[in-house]
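*Asks:* I need the structure of the sequence given here:
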Amino acid sequence: MNINFPIEVTVKKRYSVRNYKDQAIESDKQKAIESFIDSLENPFGPHVAFHTLDLKSGPTAQKLGTYGVIKGASHYIGTTITLEPMALEALGYEFEALVLYLADLGLGTCWLGGTFDRQSFSNAMKIEVGQIFPIITPYGYAADHKHFKEKAMRKLIKADQRKEWNQLFFSDDFQSPLSEAAAGDLAFALKMVRLGPSASNKQPWRIILNDSGCHFYEYKEPGYSKAFAYDIQRVDMGIAAAHFDFSMKEKNIDGHFVTSAQPEIDLPKNVEYVFSWIRA
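*Replies:* All right, here's what the predicted structure looks like:
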């Protein structure tokens, strides 16, 4: 997987597009997207499968639904996994890599986890029985104007707002906020994590920096994942890992992810350790 686009520019360029132009995607871009999907990988191990759908190439358009959230889209990409440890994080990592790649190509996307007709999309994408089908995105050229529901949704979830730095990043324990100065050469990567998309803009990632590395925790929003058979916010943790990892590689700082480096500290209520990044 070759991340050859500028991270900060692309992260800031990406936003959730819910209204699309009736404009064909050029064949060279489609081939580039297919090639990029084939190259996707993640640092956690589990396999993530990708499924593409062109509604204009078959009779499915009238049967599929996004509950009025998406308008005008004819191209979709879906993902499936086998539910195993770190599979949701792997999905979030790879899918965000693809979303950023599409943004770099000038194409809009919108993460959909709960606002799509899962059964109809599953049938159209020929998803095998037993596979977990958590996320899809439309992709294409953004319309010149946002539709009313799109504006309302962005306002409802405060889509353009992010939690303050001192609410997300800590030094040694959860009682000691981390300053940007103390973050040193990790500050850029943490800034990119802070800008990451997340389900309903909940921003569940919390990171502790200590002498052994960066330790990623999930704030589990009470009741948020009850509609799913899995913790959907683990996908968001994969997004955070992607932003962090791509940023570190852009800055030529070597390190790797592990899932067995949990610090011995007291955790706030509803906070759970997920993984760590250890400098090489």
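*Asks:* care to break the chain down by domain?
*Replies:* The chain breaks down by automatic domain parsing into domains covering 7-154, 165-279.
*Asks:* weakest of the ones you listed by average pLDDT?
*Replies:* Here the lowest mean pLDDT among the domains of the chain goes to domain 7-154, at a mean of 91.
*Asks:* and it, how far apart are its ends?
*Replies:* One end of domain 7-154 to the other measures 23 Å (C-alpha to C-alpha, to the nearest Å).
*Asks:* Please state the offset of that domain from the chain centre?
*Replies:* Computed by C-alpha atoms, centre = their mean, to the nearest Å, the chain-centroid distance of domain 7-154 equals 11 Å.
*Asks:* show me where the chain has strands.
*Replies:* Using DSSP state E, the strands assigned to the chain run over residues 49-54, 75-81, 108-109, 132-140, 169-171, 205-210, 213-219, 255-258, 271-279.
*Asks:* Could you dump those into CSV with distance to Tyr230 and mean neighbour count added?
*Replies:* Quick note: C-beta positions are derived from backbone N, CA and C, even for glycine. Output for those, formatted as CSV (distance: least, C-beta to C-beta, whole Å; neighbours: other C-beta atoms under 10 Å):
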stretch, distance to Tyr230, mean neighbour count
strand 49-54, 16, 16
strand 75-81, 9, 23
strand 108-109, 22, 25
strand 132-140, 7, 23
strand 169-171, 27, 20
strand 205-210, 18, 22
strand 213-219, 13, 22
strand 255-258, 20, 17
strand 271-279, 14, 18
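*Asks:* so can I have TSV of those strands showing distance to His243?
*Replies:* Output for the strands of the chain, formatted as TSV (distance: least, C-beta to C-beta, whole Å):
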stretch	distance to His243
strand 49-54	20
strand 75-81	18
strand 108-109	15
strand 132-140	17
strand 169-171	13
strand 205-210	9
strand 213-219	11
strand 255-258	13
strand 271-279	12
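*Asks:* and of the ones you listed, who's closest to Arg14?
*Replies:* Arg14 sits nearest to strand 108-109 of all those, at 7.3 Å, using C-beta to C-beta.
*Asks:* Excluding its own residues, what touches that closest one? List them.
*Replies:* 14-17, 20, 99, 102-103, 137-142 (C-beta atoms under 8 Å, 6 or more residues apart in numbering).
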